[in-house]
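Colleague: requesting a structural model of the entry that follows:
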Amino acid sequence: MRRRRCGRDVAGAAHAAVGPGGRGARHGLAFTLAQPAAAGGLAAILLGLASPALVHPPDMLVSAEARLIGIRTPAGVFVQQGSGASKFTRDAWLRYWSESGFQVVPAQGVTADGAIACTREGCRVRPVAEGRMALLVRGAARPATCADVAVLVSAEPARGLCVKPWPPLVDRFTVWRYGATAIWLDGAHATILTDRSYRGDRPWVPPLPTPRANPVPALPPARTDPAPETPATDTAAPITAVRATPDRVAPGPMMPARAASARITPDRIAPDRIAADRIAPDRIAPDRIEEEPPAEPADQ
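Modeller: Next up is the predicted model:
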């Protein structure tokens with residue numbers, strides 16, 4: 001009985017200390033606030049809870065390949081995307097801007113309550129009514145004026161589109177060298193932050209890319225064959241074809257010496273050629289035909 005009563009007293013004291021409205025709870029809170037470290041931690045927690053309201057996200061984002069260009073306006077997020085744009089990067093932008101969807105930047109016309117005014121050559125972007133204006137260029141068309149433009153944005157190389165002094169430029173070469181870029185247009189000047197400048201010069205950050213130089217061949221160029229000479233026109237008389245006969249062929253590589261001295265006799269001509277009247281005995285010179293020696297008389 002004595003143990004049970006002691007346990008009920010301890011439980012009641014704990015409830016009075018931590019329960020709602022308990023005297024111990026009020027004294028515990030006062031003790032917590034009295035400690036400097038605890039008070040600093042509570043202030044950090046309150047500041048962290050209020051940080052989203054103190055941070056202003058960028059008004060424009062350009063991806064590392066310039067295939068995605070996002071514009072944040074009071075009417076929502078507008079995106080210009082080229083072929084091969086990263087869907088993962090686009091969804092990450094929407095989460096960063098706390099938006100569930102996006103709209104496509106129009107080809108022509110005014111949208112987002114006048115924050116975006118587009119023509120065929122480009123769009124004039126002013127997300128903040130009291131802020132500066134950005135010019136989103138399309139293609140290589142030169143804008144009419146760049147006097148009131150705080151930053152020039154293009155998905156393609158856009159050097160020299162504005163006369164000097166030209167505004168800051170964020171184009172394809174900019175993101176190739178410095179990475180993805182964020183732009184703020186709420187101040188007196190455009191604020192540009194690149195991925196390389198945010199990470200700083202550290203050993204794990206890749207060096208700046210440089211254009212590739214044309215390789216110089218190590219071997220000398222090959223010699224070229226001279227142009228063929230035009231053959232001279234032969235004005236000699238045409239050669240008449242002569243049928244070669246053994247008596248007209250001189251001894252040499254084409255005919256051995258024995259062929260030159262060979263006699264053509266009727267018995268050496270094939271019978272079928274004689275029958276075809278190709279080589280007839282009467283067509284053979286008499287001096288070329290050897291007469292057979294007379295037969296010797298038989299012994300009596």
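
Colleague: which of the three states applies to the spatially closest residue to Met60 that is not a sequence neighbour?
Modeller: In space, and not counting its chain neighbours, Met60 is closest to Ile183: 4.1 Å by Cβ to Cβ, 6 or more residues apart in numbering. For the C-beta atoms, the positions are set from N, CA and C on the backbone; glycine is no exception. Following DSSP: H, G, I helix; E, B strand; the rest coil, we place Ile183 in the strand state.

Colleague: same question for the one 4 residues further on.
Modeller: Using three-state DSSP as the criterion, the local structure at Gly187 reads coil.

Colleague: touching, it and Gly131? I think so.
Modeller: Yes - shown here, Gly187 and Gly131 form a contact pair, counting by Cβ atoms under 8 Å, at 7.1 Å.

Colleague: and these two? Which one has more around it.
Modeller: Using other Cβ atoms under 10 Å as the criterion, Gly187 and Gly131 rank with Gly131 on top: 17 against 13.

Colleague: so for that one, what's the pLDDT?
Modeller: Gly131 is assigned 87 on the pLDDT scale.

Colleague: residues contacting it?
Modeller: Taking Cβ atoms under 8 Å, 6 or more residues apart in numbering, we find Gly131 in contact with Asp59, Leu185, Asp186, Gly187.

Colleague: what residue ranges in the chain are flagged as low confidence?
Modeller: 1-39, 51-53, 215-218, 230-300 (pLDDT under 70).

Colleague: swap in 50 and give it another go.
Modeller: Residues of the chain meeting the criterion pLDDT under 50: 1-33, 259-260, 275-276, 300.

Colleague: now the strands for it?
Modeller: Secondary structure of the chain by DSSP state E: the strands cover 60-62, 68-73, 76-81, 103-104, 109-111, 116-118, 122-125, 133-137, 149-154, 169-170, 181-184, 191-194.

Colleague: residue contacts, the nearest residue to Arg120 once chain neighbours are set aside?
Modeller: Nearest residue to Arg120, sequence neighbours excluded (Cβ to Cβ, 6+ apart): Gln108, at 6.3 Å. Neighbouring residues of Gln108 by Cβ under 8 Å, 6+ apart: Cys118, Thr119, Arg120.

Colleague: distance of the last one from Gly139?
Modeller: Applying Cβ to Cβ, to the nearest Å, one obtains 9 Å for the distance of Arg120 from Gly139.

Colleague: between these two, tell me which one has more neighbours.
Modeller: Neighbour count, other Cβ under 10 Å: between Arg120 and Gly139, Gly139 has more, with 13 against 9.

Colleague: give the contact list for the more buried one.
Modeller: Contacts of Gly139 by Cβ under 8 Å, 6+ apart are Glu121, Glu156.

Colleague: what's the separation between it and Trp166?
Modeller: Taking Cβ to Cβ as the measure, Gly139 falls 17 Å from Trp166.

Colleague: same question, Arg142
Modeller: Taken as Cβ to Cβ, the span from Arg142 to Trp166 is 11 Å.

Colleague: over to Trp97?
Modeller: Trp97 sits at a distance of 29 Å from Trp166 (criterion: Cβ to Cβ).

Colleague: what do you get for Gly41?
Modeller: In terms of Cβ to Cβ, Gly41 sits 50 Å off from Trp166.

Colleague: neighbours around Gly70, how many?
Modeller: 25.

Colleague: not counting its neighbours along the chain, what's nearest Thr194?
Modeller: Closest to Thr194 by Cβ to Cβ, 6+ apart is Tyr178, at 3.8 Å.

Colleague: make that Val104, sorry
Modeller: Val104 sits nearest to Val79 (Cβ to Cβ, 6+ apart), 6.5 Å away.

Colleague: is it true that the one you found touches Arg72?
Modeller: No - counting by Cβ under 8 Å, Val79 stays clear of Arg72, with 10.1 Å between them.

Colleague: more neighbours, these two?
Modeller: Using other Cβ under 10 Å, the more surrounded residue of Val79 and Arg72 is Arg72, with 23 against 18.

Colleague: list the contacts for that one?
Modeller: Pro57, Pro58, Asp59, Met60, Leu61, Trp97, Pro127.

Colleague: kindly recompute the last result at 6 Å.
Modeller: Asp59, Trp97 (Cβ atoms under 6 Å, 6 or more residues apart in numbering).
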